[in-house]
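K.L.:
Provide a 3D model corresponding to the input given below.
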Amino acid sequence: MLRVVDELLWRLRREGLRIPTSSAIDAVAALRVTGLEDRNVVRAALIGVLVKSTNELRVFDHAFDAFFATTPRTLRERLLARGFTEDEVGIALEAISMLGQGGGESLQRLLDHGSDLDRLLSLAGMDRMLAPMSGPLQRGFFAHRALERAGAGAAWRALGALRTVLRDAMGSRADALVTALTKELEAGEDVVHARVTSRAERPGPPWTGRIADRAMASLDRGELVEVRRGVRELAARLRGAARVRRKRARRGRIDPHRTLRRTLRTFGVPMSPAYVRRRRDRPRLVLLCDVSDSVRDVSTLLLELVYSAHELFEQTRSFVFVNDVAEASSLFRDQSPEVAIAAAYGGAVVPVTGNSNYGAALRAFVDRFLDAVDRKTTVVILGDGRTNYHDAGEAALERVRSRAKSLLWICPDPRERWAEGDSAMTRYAEICTEVHEVRTARDLERAARAVTRRF
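P.N.:
A predicted model of the protein is given here:
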């Protein structure tokens, strides 16, 4: 049962569903309760733990029906179907397992071309490797790279070594068995090609291709929806990276000097590694986001990141401003992103009918909320820095910078326009620790990663 469920889950992943390990465990637990007798009950149970939207439901139904249209067969079953005996197949499988790590493991997975191959490609970073692929015309090049990652070269060398082993064990039948294994290995490579083709034909994230490098202000509504989807995917990846960093921080990194000194007690064998423990200073994050009409399209995406920050970092406070500032932490913490963003733009937090006044907003923040900032706090301001010819409030921004651990500014205006008209970005940039120009989806990803690296 576990093998069939594992194959099904990887089939769903290939179709584009994001299924983390926790959801896979939930799927197995659900099937333990429902049993496998009723197909409709199995479908409903898996939908309950794996599907999160109407689009995913359509993908699930298609993949579920296609998967059970033909029963997946193991390498053993396929070799038996080719006319080999149980003893011959057993010898072949044992010889493959004796080839050891490296080529033997790659050969085994490419011959199985099932969930183990999918897992290998996932561990090899196939999604990241295929991210630059912008269309089907590039699939040959990327398929070649995917086969390299899957260890196809080592697998073919291992198959050559296997021929010698089987000849010693089986005599004349070895050549027929190796021929069958050659066809199975070629079929495994075809599976990798099919994975790449499927990825090429599936709409990619907005960080690749045409949308990634276009100014967000020039995108139409449909393209902005795609970018918002990509922001959510980016937030999910950042959450995973943050968990890994926290886990490594708890464990610490190896101290080579202390570890080598300890080896003197065990005659040079490092039996007891010594670790450098990182001091946990419970970092904090404060975000201020401009929600005026002039930056609405870009700010909508930035507010998606504000919402995600409350999940990424335990101690996050968020504020929105136009010509006044107000705290929106509870709104982004307790509501869905759609509700929170609509409320921020609807005037539920701060009046949005006036023009931006950065000086007034910064002074109001210093007067009312400066206690939210201390030496453990990273402050991130999201806005274009256009003051409508009001006082820029540099003195207030300097007070924030003097109290904070670091001050970052994410600006949707191009750098060449920072000294034009009512923009005060050149003056703000002198005060900030870092300023990130964010005009495209790719810029937004770089800025978001720069923020998370500070934690």
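K.L.:
Dump the C-alpha coordinates for the helix or strand hosting Arg261 into CSV.
P.N.:
Under DSSP states H and E, the secondary-structure element containing Arg261 is helix 256-262. As requested, the backbone C-alpha atoms of helix 256-262 are provided in CSV (Å, rounded to 0.1, in the frame of the first residue of the first chain):
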residue,chain,number,x,y,z
PRO,A,256,37.4,22.5,13.8
HIS,A,257,39.9,23.6,16.4
ARG,A,258,38.1,22.1,19.4
THR,A,259,37.2,19.0,17.4
LEU,A,260,40.8,18.3,16.5
ARG,A,261,41.9,18.8,20.1
ARG,A,262,39.4,16.2,21.2
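K.L.:
Distance from that helix to the middle of the chain?
P.N.:
From the chain centre to the centre of helix 256-262 is a distance of 36 Å (C-alpha atoms, centre = their mean, to the nearest Å).
K.L.:
which parts of that helix are buried?
P.N.:
Of the residues in helix 256-262, Arg262 count as buried by neighbour count, 16 or more other C-beta atoms under 10 Å. (Each C-beta comes from the backbone N, C-alpha and C, glycine too.)
K.L.:
How about stretch 369-379?
P.N.:
Applying a neighbour-count criterion of 16+ other C-beta under 10 Å, one finds 369, 372-373, 377-379 buried in stretch 369-379.
K.L.:
Take the residues you listed and keep only those in helices.
P.N.:
In helices, judged by DSSP state H, the following of the buried residues of stretch 369-379 are found: Phe369.
K.L.:
Let me see the contact set for the residue nearest to Val295 when sequence neighbours are not counted.
P.N.:
Counting by C-beta to C-beta, 6 or more residues apart in numbering, the nearest residue to Val295 once its immediate chain neighbours are dropped is Asp384, at 5.1 Å. For Asp384, the set of contacting residues under the criterion of C-beta atoms under 8 Å, 6 or more residues apart in numbering consists of 290, 294-295, 298, 411-413, 423, 425.
K.L.:
How about the secondary structure of Asp384?
P.N.:
coil (DSSP: H, G, I helix; E, B strand; the rest coil).
K.L.:
That one and Glu420: what is the separation?
P.N.:
Here the distance between Asp384 and Glu420 works out to 12 Å (C-beta to C-beta, to the nearest Å).
K.L.:
Identify each buried residue in the helix or strand that contains Phe67, please.
P.N.:
Per DSSP H and E, Phe67 falls inside helix 54-69. Applying a neighbour-count criterion of 16+ other C-beta under 10 Å, the buried positions in helix 54-69 are 56, 59-60, 63-64, 67.
K.L.:
nearest to Leu362, of the residues you listed?
P.N.:
Proximity of the buried residues of helix 54-69 to Leu362 (C-beta to C-beta) peaks at Glu56, which lies at 42.8 Å.
K.L.:
quick revisit: out of the buried residues of stretch 369-379, what pair is the most spread apart?
P.N.:
Within those, two members stand farthest from each other by C-beta to C-beta: Phe369 and Thr378, at 15.2 Å.
K.L.:
Contact partners for Asn55?
P.N.:
For Asn55, the set of contacting residues under the criterion of C-beta under 8 Å, 6+ apart is empty.
K.L.:
swap that for Cys289, sorry
P.N.:
Taking C-beta under 8 Å, 6+ apart as the criterion, Cys289 is in contact with 299, 302-303, 306, 318-321, 344, 381-383.
K.L.:
what about it, distance to Arg11?
P.N.:
In this structure, Cys289 and Arg11 are 41 Å apart, going by C-beta to C-beta.
K.L.:
now Thr440
P.N.:
Between Thr440 and Arg11 the computed distance is 34 Å (C-beta to C-beta).
K.L.:
the more surrounded of those two?
P.N.:
Taking other C-beta atoms under 10 Å, Thr440 and Arg11 do not tie; Thr440 has more neighbours (22 against 18).
K.L.:
Need the pLDDT of that one.
P.N.:
pLDDT recorded at Thr440 is 78.
K.L.:
Tell me where the stretch 201-350 of the chain is predicted with low confidence.
P.N.:
Applying pLDDT under 70 to the predicted model, the residue ranges of the stretch 201-350 of the chain that meet it are 201-252, 270, 277-283, 296-299, 302, 305, 308-309, 311-314.
K.L.:
What segments of it are helices?
P.N.:
Defined through DSSP state H, counting those that start in this stretch, the helices belonging to the stretch 201-350 of the chain, from first to last, are 209-212, 221-251, 256-262, 296-312, 329-334, 337-345.
K.L.:
Also the stretch 51-200 of the chain?
P.N.:
In chain order, the stretch 51-200 of the chain shows helices spanning 54-69, 75-81, 86-97, 103-112, 115-123, 126-130, 139-150, 152-170, 173-201, with DSSP H, counting those that start in this stretch as the criterion.
K.L.:
Any chance of JSON lines for the ones you listed, columns distance to Val269?
P.N.:
Listed next are these as JSON lines, based on distance: least, C-beta to C-beta, whole Å:
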{"stretch": "helix 54-69", "distance to Val269": "49"}
{"stretch": "helix 75-81", "distance to Val269": "40"}
{"stretch": "helix 86-97", "distance to Val269": "30"}
{"stretch": "helix 103-112", "distance to Val269": "27"}
{"stretch": "helix 115-123", "distance to Val269": "30"}
{"stretch": "helix 126-130", "distance to Val269": "37"}
{"stretch": "helix 139-150", "distance to Val269": "34"}
{"stretch": "helix 152-170", "distance to Val269": "30"}
{"stretch": "helix 173-201", "distance to Val269": "40"}
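K.L.:
what's the closest of these to Ser406?
P.N.:
The nearest among the helices of the stretch 51-200 of the chain, by C-beta to C-beta, is helix 126-130 at 28.1 Å.
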